[in-house]
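Colleague: need a structure here:
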Amino acid sequence: MSQWVVLVGRAADLDNGLTPHKIMTSRDYLARPGLFQGQRPKIINLSRSYAYQSRGYYASLLAEARGHRIIPSVETMIDLSEKKLYDNALPELDAVLGKALGDAPLPQSPIRVYFGYGEDPRLERFAKLVFDWFRAPALEIHLEARAGRPAIKRIGFASIGKLDAGQTERLLAAMAKHTAREWREAKAKTPAKYAFATLYDPKETLPPSSVASLKHWARIAGRLGVDVEPITRKELPRLANFDALFIRETTSISNHTYRFARRAMQEGMPVIDDPISMIRCTNKVYCNELMAQNGIATPPSVMIGGKEDLVRAADLLGFPMVLKIPDGSFSRGVKKVDDKAGLEALAHAWLEDSDLLIAQKFMPTRFDWRIGVLGGEPLFAVQYLMAGEHWQIINHEAGGRPLEGGFRAFQLADAPPHVLDAGLKGARCIGDGLYGVDLKETDDGVFLIEINDNPNLEHGVEDAAEKDEVWTRLTRWFIDRIER
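Modeller: All right, here's what the predicted structure looks like:
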């Protein structure tokens, strides 16, 4: 596992006894480029100044050039150099600040935030949000009253060299929390070289992977020198403690999963799903256009932007047809309509929330193929059977818990080559990550239905044929990209 290194302005700035991490001066770090050759340390830059072209500035700049992960980054230094560069963050921060303080008097300004931990317990959520926006060891937030409400006047770095003894103690305590790890699985017998975070929601009804499956992956990864730790949506500030991120919640660009993916990319760590894949896959309209541009067969489709498109859809596709919301998932936001009245009613309701819908020709089959693709190569091949007396693999209309059909897993060597080929071609149009390509095999050929950026990976289902090779390849994908 990569180590933490703390850079200081002078050797006497921190007592080695106060932190278990390696401490060195920024001068030494700058002068010794080969010091961490072959390693990937995580750097905390506690230099006395982050001013442009100062030693602190160059330490972060060269850390990025050396492939080291560092807090704060040069981007953060530049963002905080002028208020106009961080104006976009203030509305959200002011709203959380106002909710926390209410009508109470303003606390003494400035308030300080150390690694997402504040000095005022009322501002716990605010402190974490500030750190989400500006990842820095110590921040000063100057407040003012504006129209009778608390507001941020200015955000800047707290000068490490000017902190008193109590403030320094709070900084070190916060740093210890930030760099700590909570292990929830037994450690592997071999020393862990890397640590992977797995984002999950223990309350999700249809998660992409169950907790049992994630524990199974943790055992496989442990044999390869990797520790896997589950994290939840509240643990974004801890993400920098890890070397990679595997998102096992249903993804959306409008919720926290996208923020986690973006943060992972900013930290320079490999992530599944990456933000670009999320953007591309979660929108069925985009995917349909992308496949058409690349000559990949999809069901005949019509874009629905208003009432005038409904007649065209009926004429071209006939009934029944399938109507889809662009960003639905797990068969949600996908309905079959049997006649013109049903089409008009459903389109009218859905167009209240989405400016565009997609209508597709209905292609009845007994099962859908899903080809799992990782790094541009096939990972698994599964047939998902339709839910009982339903036209989809998941029936959300039965009342209560969604009903799922069965499955048949195939070894990759036994899967039809033309189905594998269609899945690979589709996934390679999206990116290099993990995708589940849904296909229908008909007498007229193979048609790509959609590409999932967050496909199911369930022990005993998707890995039923290829066994632990699925999880081993997943682990090695992350390791390979860490070590590139």
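
Colleague: does the closest residue to G445 other than its chain neighbours belong to a helix or a strand, and which?
Modeller: Nearest non-adjacent residue to G445, counting by CB to CB, 6 or more residues apart in numbering: A297, 6.0 Å away. For glycine as for every other residue, the C-beta is placed from the backbone atoms N, C-alpha and C. Using DSSP states H and E, A297 sits within no helix or strand.

Colleague: Tell me if I'm right that A297 and L448 touch.
Modeller: Yes - counting by CB atoms under 8 Å, A297 touches L448, with 6.5 Å between them.

Colleague: Mutual contacts of the two, please.
Modeller: M291, A422 (CB atoms under 8 Å, 6 or more residues apart in numbering).

Colleague: more neighbours, those two?
Modeller: For the pair A297 and L448, the greater number of neighbours falls to L448 (24 against 18), based on other CB atoms under 10 Å.

Colleague: Distance-wise, check that one relative to S354.
Modeller: 22 Å (CB to CB, to the nearest Å).

Colleague: same question, F410
Modeller: Counting by CB to CB, the gap from F410 to S354 is 36 Å.

Colleague: got it, and H142?
Modeller: On the measure of CB to CB, H142 and S354 end up 42 Å apart.

Colleague: Who has more neighbours out of these two?
Modeller: S354 (17 against 12).

Colleague: Tell me who's in contact with that one.
Modeller: I325, P326, D327.

Colleague: Run through the residues that contact the nearest residue to G318 once chain neighbours are set aside.
Modeller: Take G318 and drop its neighbours on the chain: the residue closest to it by CB to CB, 6+ apart is K361, 7.4 Å away. By CB under 8 Å, 6+ apart, the contact list for K361 reads P299, P300, S301, L317, G318, M321, V322.

Colleague: In the stretch 51-200 of the chain, where is pLDDT below threshold?
Modeller: Under the criterion pLDDT under 70, the flagged ranges of the stretch 51-200 of the chain are 181-192.

Colleague: in it, which spans are helices?
Modeller: Here the stretch 51-200 of the chain has its helices, by DSSP state H, counting those that start in this stretch, at 55-65, 74-79, 83-86, 90-101, 124-133, 165-179.

Colleague: Thought K335 was touching L346, still the case?
Modeller: Yes - L346 is in contact with K335 according to CB under 8 Å; the separation is 6.0 Å.

Colleague: higher neighbour count, these two?
Modeller: Under the criterion of other CB under 10 Å, the comparison of L346 against K335 puts K335 first, with 20 against 15.

Colleague: secondary structure class for that one?
Modeller: Following DSSP: H, G, I helix; E, B strand; the rest coil, we place K335 in the strand state.

Colleague: Pull up the gap between it and D315, please.
Modeller: Going from K335 to D315 by CB to CB gives 20 Å.

Colleague: where does the residue lying farthest from the centre of the chain land in three-state SS?
Modeller: The outermost residue of the chain, judged against the average C-alpha position, is D315 (40.9 Å), by CA atoms, centre = their mean. Following three-state DSSP, D315 is assigned to helix.

Colleague: sorry, back to before: which one of the contacts of S354 is nearest to H418?
Modeller: Lowest distance from H418 to these (CB to CB) belongs to P326, with 28.1 Å.

Colleague: and the closest one, what is it in contact with?
Modeller: Residues near P326 by CB under 8 Å, 6+ apart: T282, N283, K284, V285, Y286, S354, L356, L357, I358.

Colleague: you'd agree the last one is in a helix?
Modeller: What that stands for is I358. No - counting by three-state DSSP, I358 is not part of a helix but strand.

Colleague: show me the contacts for it.
Modeller: Neighbour list for I358: K284, V285, N288, S301, V302, M303, I304, L323, K324, P326 [criterion: CB under 8 Å, 6+ apart].

Colleague: The same query, at a cut-off of 10 Å, please.
Modeller: By CB atoms under 10 Å, 6 or more residues apart in numbering, I358 lies in contact with 283-285, 287-289, 299, 301-304, 313, 322-326, 334.

Colleague: again with the second one
Modeller: Contact analysis of N283 by CB under 10 Å, 6+ apart lists I253, E289, L290, I325, P326, D327, G328, L356, I358.

Colleague: Between the residues you listed, identify the one with the most neighbours.
Modeller: I358 (23 neighbours).

Colleague: Apart from its chain neighbours, what residue comes closest to it?
Modeller: When the adjacent residues along the chain are set aside, I358 lies closest to K324, with 4.8 Å between them (CB to CB, 6+ apart).
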